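A.B. asks: turn this into a model:
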Amino acid sequence: MTSLTSLITSLNEAIRPRGVRLSLTAAGLVIVGGCAAFGLGQPETAPQPLPTIDRPTPSRKAPARPDGSVLTDAQAQAALITQGDLGAPWTATRGAATWRDGLLKATTSAGDCQRLLDALYSDELLGGPARVAIGMDDADTDAQLRYQIGARRPADVDAALAWLKTMPDRCARFTATTQTGTEEDVKVSDASLPEVGDARQGLRVSISATTSDDQEDLLTLEVAVVRVGQDAFALTNGGLGDVPNDATQVAVQDGALRLADIRRQGRAQV
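C.D. replies: Numbers count the residues shown, from 1 in each chain. Predicted coordinates for the structure are as follows:
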């Protein structure tokens, strides 16, 4: 601004008649410069909106259960097998079979084998009570099948499976004693299962005993535990004499497929 004033002064001295006009021009420049310096007289601009950031819509979370299952109680119930899966002569159970107390309720000194007897008697092969269960009887052979969906975390189920896998070696054959003092000869072996689910283990347990009146008893149990994702099911198919293996195979196959289907429906609804 000082340099501009000096220039105008020099011009005024050189050309006097135009002094007023030049002074006014200089004043105008000064005013304009001043307005520019203080931001006055400038055209107003419309405020620019701040940019927005799209936030992802939070997804609904599955109901939290201690066992990690995404199934509701109704879905767990729907995942059970039914009499229709097994067909005739299977019907709704009439209650616990007499051989459960008579032969399964026994004690042994053979280490880990007591745990197996206890799990078979209490029907807790998954290491805890069932979440939902169904029992069916074969009226022709008096066999009894019990199918349950557990309420256990996958890690707990895998631990139970790992333990069951050791039974054919650790408890291949041992003796036990019933509450009435009857001696039992117990044999445990592997049992093949359909290739379903994420992990599985099958056992075949036979218990033979001679009662005080020289009656020969033979109890056969087919056992299966299968994990399907976060959920798992277990079944026992037992009876005096032999038991229908086809019922075990169908129950495992259909049970795994139904549980997987119900799980997919559960994920689609969350």
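A.B. asks: got the contact list for the spatially closest residue to Gln144 that is not a sequence neighbour?
C.D. replies: Closest residue to Gln144 apart from its sequence neighbours, by Cβ to Cβ, 6 or more residues apart in numbering: Ala97 at 4.7 Å. Glycine gets a C-beta too; all of them are placed from N, C-alpha and C. Residues in contact with Ala97, defined by Cβ atoms under 8 Å, 6 or more residues apart in numbering, are 137, 142, 144, 238-239.
A.B. asks: got JSON lines for those, with neighbour count, distance to Val225 and secondary structure too?
C.D. replies: Shown next, in JSON lines, are the contacts of Ala97 (neighbours: other Cβ atoms under 10 Å; distance: Cβ to Cβ, whole Å; DSSP: H, G, I helix; E, B strand; the rest coil):
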{"residue": "Asp137", "neighbour count": "19", "distance to Val225": "22", "secondary structure": "strand"}
{"residue": "Asp142", "neighbour count": "15", "distance to Val225": "24", "secondary structure": "coil"}
{"residue": "Gln144", "neighbour count": "23", "distance to Val225": "18", "secondary structure": "strand"}
{"residue": "Gly238", "neighbour count": "23", "distance to Val225": "15", "secondary structure": "strand"}
{"residue": "Gly239", "neighbour count": "21", "distance to Val225": "19", "secondary structure": "strand"}
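A.B. asks: quick check: the farthest pair among these?
C.D. replies: Asp137 and Gly238 (10.9 Å; Cβ to Cβ).
A.B. asks: give me the common contacts of those two.
C.D. replies: With Cβ under 8 Å, 6+ apart, Asp137 and Gly238 have common neighbours 97, 143-145.
A.B. asks: out of these, which one has the lowest pLDDT?
C.D. replies: Across these, the smallest pLDDT goes to Ala97, namely 89.
A.B. asks: from Thr178, how far off is that one?
C.D. replies: Per Cβ to Cβ, to the nearest Å, Ala97 is found 15 Å from Thr178.
A.B. asks: ok now do the residue most central in space within the chain, which residues does it touch?
C.D. replies: In the chain, the centroid-proximal residue (Cα atoms, centre = their mean) is Gln230; its distance is 2.5 Å. Listed by Cβ under 8 Å, 6+ apart, the contact set of Gln230 reads 67-70, 154, 263.
A.B. asks: again, only using 6 Å
C.D. replies: 68-69, 154 (Cβ atoms under 6 Å, 6 or more residues apart in numbering).
A.B. asks: filter those residues down to the ones in helices?
C.D. replies: Pro154 (DSSP state H).
A.B. asks: most neighbours out of the contacts of Gln230, which is it?
C.D. replies: Ser69 (25 neighbours; other Cβ atoms under 10 Å).
A.B. asks: quick one: that one and Gly229 touch, right?
C.D. replies: No - the pair Ser69 / Gly229 is not scored as a contact, 8.9 Å apart, by Cβ atoms under 6 Å.
A.B. asks: surely Ala176 meets Thr108?
C.D. replies: Yes - under the criterion of Cβ under 6 Å, Ala176 makes contact with Thr108 at 4.1 Å.
A.B. asks: so the two - more neighbours on which side?
C.D. replies: Ala176 (23 against 18).
A.B. asks: for beta bridges, what are the partners of the more buried one?
C.D. replies: When bridges are called by DSSP bridges, Ala176 pairs up with Glu184.
A.B. asks: next: Gly150.
C.D. replies: So, taking DSSP bridges as the rule, Gly150 has Ala130 as bridge partners.
A.B. asks: what about it, neighbour count?
C.D. replies: Gly150 has 27 nearby residues by other Cβ under 10 Å.
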